[in-house]
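Asks: how would this look folded up:
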Amino acid sequence: MTKGDQMQVRDFDVATIMGGLYGDGIIGYQGAFSRQWTQQLGEDIDVLFHQALQRPDGAVGRGPKRYYVEIHPEDIRSFVDLAIHPWVVAVCEALLGPFYKIVEIGFDVPLPGAQNQPWHRDFPAPQETLTGRCLNSLAFNLTTVDVFEDMGPFEVAPGTQWDRPVDFQHEMFPPKMMYPRYEERAQKKMPKMGDISVRSALTIHRGTANRSSQSRPVLVLGVDAPTAHNANHHDLQITRRFFETLPNQVSDHLTYRLVDTLEPIHQLHQIETLMMGEA
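Replies: Sure, this is the predicted structure:
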């Protein structure tokens, strides 16, 4: 059961969505999903994570004790629920337009002992953003656990999606002399099970040190406008059997390769600096 069962896309204000993402660069919706629904998602991610650790390059390092795993939509039982949730749809349509596409699904797992990441954005800012002041992609995050201060919460510097990448390494990692700017703005996010957030992946952020004894898995859903090209870094596969079960509301908004049998994903979007820990 999700809150989306009672809500509709029109219940969400476009101006509020646009103002939040063009302003702070991140917005959230509390209690979008039930704790039972979220617990099931966590169970799926736990199985997928252990499977990924067993195969070469299945889990890509994002720093010490921190991993990212890219998966297939049908690997989780609740993919359709997520893709058609009215808030998710409303946000995508408001910011990206009616022809948005889901291009990536995966999850981050900061384990106990994970260290502070360097401040970064997830990929270089496109010209549409640098010169056109237009955001053409989104990253949704959905925690599978209640997050507390000692669990290495996600930290974001609001408004920095517009920062020009002057002296940024790989156009993604700002120099350390800029860290005081981000630390002054920094907000730690501590969502509960069932909460969902969405951000511009260009907003400067980092994972913080996990000093607890518990991992902090979070699902990631990447969505593009037609002008974005992040799908080139991913290989979203759908089996023909699964495709036949999808409502048009989902299949029309997917980039995918139709296959008979799912193949392991070779992750192309690797952020090498994050593998080295705190920069």
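Asks: need the residues that contact the biggest helix by length in the chain.
Replies: Once the chain is assigned using DSSP state H, the helix that runs over the most residues is helix 35-54. With C-beta atoms under 8 Å, 6 or more residues apart in numbering as the contact definition, helix 35-54 has outside contacts at 1-2, 33, 58-59, 67, 69, 71, 75-78, 81, 107, 109, 142-145, 193-194, 217, 219. Yep, even glycine has a C-beta here, placed from its N, CA and C like the rest.
Asks: mind listing which of those residues are in strands?
Replies: Using DSSP state E, Y67, V69, F107, V109, L142, T143, L219 are the members of the contacts of helix 35-54 that sit in strands.
Asks: coming back round to it: any of the contacts of helix 35-54 buried? List them.
Replies: When neighbours are counted using 16 or more other C-beta atoms under 10 Å, these contain these buried positions: 2, 33, 58-59, 67, 69, 71, 75-76, 78, 81, 107, 109, 142-145, 193-194, 217, 219.
Asks: give me the element V89 is part of.
Replies: helix 86-96 (DSSP states H and E).
Asks: dump the residue contacts of the spatially most central residue of the chain.
Replies: To find the centre residue of the chain, average its C-alpha atoms and take the closest one (C-alpha atoms, centre = their mean): that gives V220, at 3.2 Å. By C-beta under 8 Å, 6+ apart, the contact set of V220 is Y68, E104, I105, G106, F107, D108, A139, F140, N141.
Asks: and of these, the nearest to V91?
Replies: Nearest to V91 out of those is F140 (C-beta to C-beta; 7.9 Å).
Asks: for the closest one, list the residues it contacts.
Replies: For F140, the set of contacting residues under the criterion of C-beta under 8 Å, 6+ apart consists of L82, V88, V91, I196, S197, V198, L219, V220, L221, G222, V223.
Asks: hmm, try it at 7 Å
Replies: The contact partners of F140, by C-beta atoms under 7 Å, 6 or more residues apart in numbering, come to V88, I196, V198, L221.
Asks: number of nearby residues for T208?
Replies: Using other C-beta atoms under 10 Å, T208 has 20 neighbouring residues.
Asks: neighbours around the closest residue to F99 other than its chain neighbours, how many?
Replies: Of all residues not flanking F99 in the chain, P226 sits nearest, at 5.2 Å (C-beta to C-beta, 6 or more residues apart in numbering). Around P226 sit 12 other residues, with neighbours defined as other C-beta under 10 Å.
Asks: give me the pLDDT value at P226.
Replies: In the predicted model, P226 carries a pLDDT score of 96.
Asks: shaky segments in this protein?
Replies: Along the chain, the parts satisfying pLDDT under 70 run over 1-6, 267-279.
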